[in-house]
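In: Sequence first, then the predicted structure:
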Amino acid sequence: GESVGLHLPTLSVQEGDNSIINCAYSNSASDYFIWYKQESGKGPQFIIDIRSNMDKRQGQRVTVLLNKTVKHLSLQIAATQPGDSAVYFCAEIGTTGRRALTFGSGTRLQVQP
Amino acid sequence: NAGVTQTPKFRVLKTGQSMTLLCAQDMNHEYMYWYRQDPGMGLRLIHYSVGEGTTAKGEVPDGYNVSRLKKQNFLLGLESAAPSQTSVYFCASRSGTGNYGYTFGSGTRLTVV
């Protein structure tokens, strides 16, 4: 059975469409942000990161936007594929010495073929 | 190169029993972390270590103890398991040289009855 994402908000998109997943972070002092993808029964998988001195970063089919004014992150996935179906988490890293990740609550992405 | 290996993958405990979860990494990483993930939530930090012989508390440390006697291993102990500790536990590690490339294990699903 799946224990991840039972009560998460869900974004349902058609294959080939673009997806936008949003995240509000909590600590205005955080200086590094990461988006993770988590499939059922697996650990988080790195997608893309961004430092606080940037407002946009692009990867392969993915773009992360950072708005520090309103403490908001978004992940854009272009041409969404069935393999993109998963739970997506944003995570922030504060400036304390431990540099641990603080995770957001997650969004489930369902891609309809 | 195995990355981060967690054992066991699954375990069922009775209330009051004890157990130890093992996390092993072969990347010579300085930092290691233990997180728990409950249904519908992101990962929350239990304990962490910034190097061999050091440990510190995270956000949800109560009921858990940890040890880092060897750099490659980070043990999470439950002395007297409670149903509230039913969760999926993830270990992560990263280098301490400014690289925030966390590597996660595949998780341990623990049920306390």
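Out: Right, received. Where do you want to start?
In: okay, which residue is most central for chain B?
Out: B:W34 (3.0 Å; C-alpha atoms, centre = their mean).
In: Rank the helices and strands of the chain by mean pLDDT and give me the bottom one.
Out: I'll assume chain A. Taking mean pLDDT, DSSP states H and E as the measure, the helix or strand of chain A with the lowest value is strand A:101-103, at a mean of 89.
In: meant chain B actually
Out: Every helix and strand of chain B was ranked by mean pLDDT, DSSP H and E. The lowest is strand B:103-104, at a mean of 92.
In: so what strands line up beside that strand?
Out: Note on strand B:103-104: by DSSP bridges, its sheet partners are strand B:87-94 (antiparallel).
In: list the buried ones in the partner strand?
Out: Buried residues in strand B:87-94, counted by 16 or more other C-beta atoms under 10 Å in any protein chain shown: B:87-94. (C-beta placed from N, C-alpha, C; glycine too.)
In: these two touch, right, B:L45 and B:Y64?
Out: No. B:L45 lies out of contact with B:Y64 (C-beta atoms under 8 Å); the separation is 11.0 Å.
In: shared neighbours of those two, which are they?
Out: Shared contacts of B:L45 and B:Y64 (C-beta atoms under 8 Å, 6 or more residues apart in numbering or on different chains): B:W34.
In: For the chain, just list every one of the strands.
Out: Looking at chain A here, since you left the chain open. Applying DSSP state E to chain A gives strands spanning A:10-14, A:19-24, A:32-38, A:45-51, A:56-58, A:62-67, A:72-77, A:86-93, A:101-103, A:107-112.
In: my bad, chain B
Out: With strands called from DSSP E, chain B shows them at B:4-7, B:10-13, B:19-25, B:31-37, B:43-49, B:56-57, B:65-67, B:73-78, B:87-94, B:103-104, B:108-112.
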